[in-house]
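Asker: Dropping a prediction and its sequence here:
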Amino acid sequence: MKKTKKFLAVALAMAGIISMLFFAACTNDTETTKYSITKGDTDGGELVINPTSAVAGAKITLTVTPESGYVFEDFIFTPDSITAVDEGDGVWSFTMPASKVTVGVLFTLIPEGQFTITKGTTSPGGTFDISPTVAAPNATITLTAKPDEGSELLSFSTEPTVTLTGTGNVRTFVMPESNVVVSANFGDDDTPRSAITKGTVTPADTGDFTITVTGLTEFTQVRQGTTVTVTAAPITGYELDKFTSTPEVVFTANAINKNSATFVMPGEDIEINAAFEKGSYNVNKGAVTPAGAGDFTITPENPVEFGETVTLKATENTGFAFTSFGPATLNLEKVDDTTYTFTMPGQAVTVTATYGVRLLINKGAVTGGDLEFSHDEAAAGATVTITVVPSNSGDIILQWNIFPPLETPPVSTGADTYTFIMPANTIEIGAIIGPDNGDTRPAYQIEPWDFPAGAWEEYSATVPDIYYWKWPRDGNGGAAGCNPTVYGTYPDSNSVSRIGTSFQYAGGVDAQNWIGARYTRNEGGIANPRKLILTGYTHISVWVKASAVPTTNAFRFNFDTPPAETRYGFSFNVTAADVWEEILVPIGQVVNGTTPVDVTQIEGWNFNFTAGAAGFTGTVWLSNITARALP
């Protein structure tokens, strides 16, 4: 009996020991077994896992670094029940399960022209989401705060600074042309609140500034830690120097808007001030037109302070003349022909210079006085001044003799002074100066005429005893005519002998219409002294302008020559519309029919359309019938 009891006691003791060992073994396996964490696919970036093995329940840290041109999108966990927690600054974490873990990372290639929105620092008390995380400029980005219980969002901040809008836990901004890093600041509901007041602007009246706190319209209760935006609005020509505050805080400049900055609200009332200063800007040298025509200098050197005087000085290369600086918005003041000044505006400017080919200004025949020119040569478009020097006090310009004719006659700018715009050709200017006796001759050689119906008529010219006709002739039953004013012969230094006559021929005409001025050799017993002498000259010149280009060699110019009223002439055409062209015909090519003749003088002329040229509709101007001695 004693043996049996002893055996049972031993057996029970052994069973207890075995049970204790079993349970101890089970508990030790659960607490000490480590499981590995390995990397999966991480194309497009780097993943650092710390630690790389751990027991169940341990915190595992994942640090994600995208390669250039990529952005982090998500984790790929095996098992897929794992959830990562965003710790900020590219750091995430998860709780280790009782199994092996594989962590892959999905990186997304950033499309060309788009930028990333990533998280920066997040203070304790919450987290936030960004949507989308990749966007093109001007896209709307949404930030959604997720504060912990008992906490609230104090502010979002960005680098670079952007303008945030919205209230509560949601903010939006417009995507700039750069990557953006967003940070969030959370705090307890009892975070201190203080007031922001607007201080001074120095110098006075040079600008203003605004204070902005997202979600607030009044700034008497702004939470400590809130991001505050201050935006300056300087007047033209001034720039923001700096923001200051009492007490002092750190202002972070906006990388996009140089007039904006942010600061973090301190735990006490604060006053904000703005200081402005005159801006300085560059005066850039632009194009010289035509290239190689010259150059110009700009003083003073860049940058130039707003309101300072800038001087432009042009230099001219051989054969070219300076005409103008641009742009016209600079309100340039002329110092001399090649020097101008302007007042520096409140922005950078680019100055250009325009030159023209130097063209001669020749003095023609002047009777009754003299003409003085401000330039002997000038570029097309330049303003030239003529000073009239009459032989007798009180005499005036009775007639300009300009060769070739100007589109716009010289304009009176005062007593005995006139100006004109230099055309794109060398020009010869003469004049008749005489007493102001009511002479009805026009002051300019191009005179538009009307076309009244009528028959052969005889008129007396301004100069007594000189006769001419308007000569309507029409093969279709209509009528045309003109009153050409004949100015006579004016020899010009053996180079030009001029009948200063011009007319306009307008309307739909046919080949039979003629317009002309006929000189009589003897009318009423009075000999005609007005002749165009050709002896010693080589060419007959007629200046013509037509409003359209006929399809045929449409125009014909005829001359009446002594001893009988024999008519000789030549046919021609214009090459471009609304452009004065000189028609030059060697005197030896003037023909009677088809036979060249030796023409020594002209006593009359007419202009008509050649046969087959019917149908021309438009206006024709004729001016400066001359004889020229050319090489």
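Answerer: Looks like it came in fine. Quick caveat, the model's predicted, so the values are computed rather than measured. Numbering: from 1, shown residues only.

Asker: From now on I want contacts and neighbour counts done on CA atoms only, so please keep to that.
Answerer: Fine.

Asker: Quick one: mean pLDDT for stretch 157-176?
Answerer: Averaged across stretch 157-176, pLDDT comes to 89.

Asker: first vs last residue of it, how far apart are they?
Answerer: 15 Å (C-alpha to C-alpha, to the nearest Å).

Asker: Domain parsing of this protein, as residue ranges.
Answerer: 34-106, 110-186, 192-278, 283-357, 359-434, 457-628 (automatic domain parsing).

Asker: so who does Arg223 touch?
Answerer: 154, 191-194, 265, 267 (C-alpha atoms under 8 Å, 6 or more residues apart in numbering).

Asker: redo that, cut-off 6 Å
Answerer: Going by C-alpha atoms under 6 Å, 6 or more residues apart in numbering, Arg223 touches 192-193.

Asker: ok, it to Thr231 distance?
Answerer: For Arg223, the distance to Thr231 - C-alpha to C-alpha - is 20 Å.

Asker: Now do Ile255: how many residues are near it, please.
Answerer: Residue 255: Ala, not Ile. 13 (other C-alpha atoms under 10 Å).

Asker: mind checking the SS state of it?
Answerer: coil (DSSP: H, G, I helix; E, B strand; the rest coil).

Asker: Phi first, then psi, for it.
Answerer: phi -70, psi -20 (degrees, to the nearest 10).

Asker: Could you measure from it over to Thr161?
Answerer: 6 Å.

Asker: how about low-confidence regions in this structure?
Answerer: 1-31, 189, 215, 217, 437-534, 551-569, 588-599, 601-631 (pLDDT under 70).

Asker: what about the helices in it?
Answerer: Along the chain, the segments classed as helices by DSSP state H run 2-32.

Asker: Please identify the buried residues of stretch 426-437?
Answerer: 426-434 (16 or more other C-alpha atoms under 10 Å).

Asker: Looking at those residues, spot the one nearest Asn392.
Answerer: Gly434 (7.9 Å; C-alpha to C-alpha).

Asker: OK, contacts around that closest one?
Answerer: Gly434 neighbours (C-alpha under 6 Å, 6+ apart): 368, 395-396.

Asker: That one pairs with what?
Answerer: Going by DSSP bridges, Gly434 is paired in beta bridges with Ile396.

Asker: That one and Thr167: what is the separation?
Answerer: Distance from Gly434 to Thr167, by C-alpha to C-alpha: 87 Å.

Asker: Surely Thr95 and Lys59 touch.
Answerer: Yes: with contact defined as C-alpha atoms under 6 Å, Thr95 reaches Lys59; the gap is 4.9 Å.

Asker: Kindly format the C-alpha coordinates of stretch 32-51 as CSV.
Answerer: Extracted C-alpha coordinates of stretch 32-51, given in CSV (Å, rounded to 0.1, in the frame of the first residue of the first chain):
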residue,chain,number,x,y,z
THR,A,32,11.0,35.7,-29.2
THR,A,33,10.4,34.5,-32.8
LYS,A,34,11.5,37.1,-35.3
TYR,A,35,10.1,37.4,-38.8
SER,A,36,11.9,39.0,-41.8
ILE,A,37,10.9,42.1,-43.7
THR,A,38,12.2,42.0,-47.3
LYS,A,39,12.0,44.4,-50.2
GLY,A,40,9.8,43.8,-53.2
ASP,A,41,9.8,45.8,-56.4
THR,A,42,11.0,49.5,-55.9
ASP,A,43,11.6,50.6,-59.5
GLY,A,44,11.7,54.4,-59.6
GLY,A,45,13.1,55.0,-56.1
GLU,A,46,14.7,53.7,-53.0
LEU,A,47,13.2,52.0,-49.9
VAL,A,48,15.0,51.7,-46.5
ILE,A,49,13.5,49.2,-44.0
ASN,A,50,14.4,49.5,-40.3
PRO,A,51,14.7,46.9,-38.8
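
Asker: contact partners of it?
Answerer: 52-55, 60-67, 99-105, 107.

Asker: now stretch 55-69
Answerer: 33-34, 44-50, 90-98, 110.

Asker: ok, now stretch 239-247?
Answerer: Against stretch 239-247 from outside (C-alpha under 6 Å, 6+ apart): 270-277, 279.

Asker: Show me which residues of it are buried.
Answerer: Buried residues in stretch 239-247 (16+ other C-alpha under 10 Å): 239-245.
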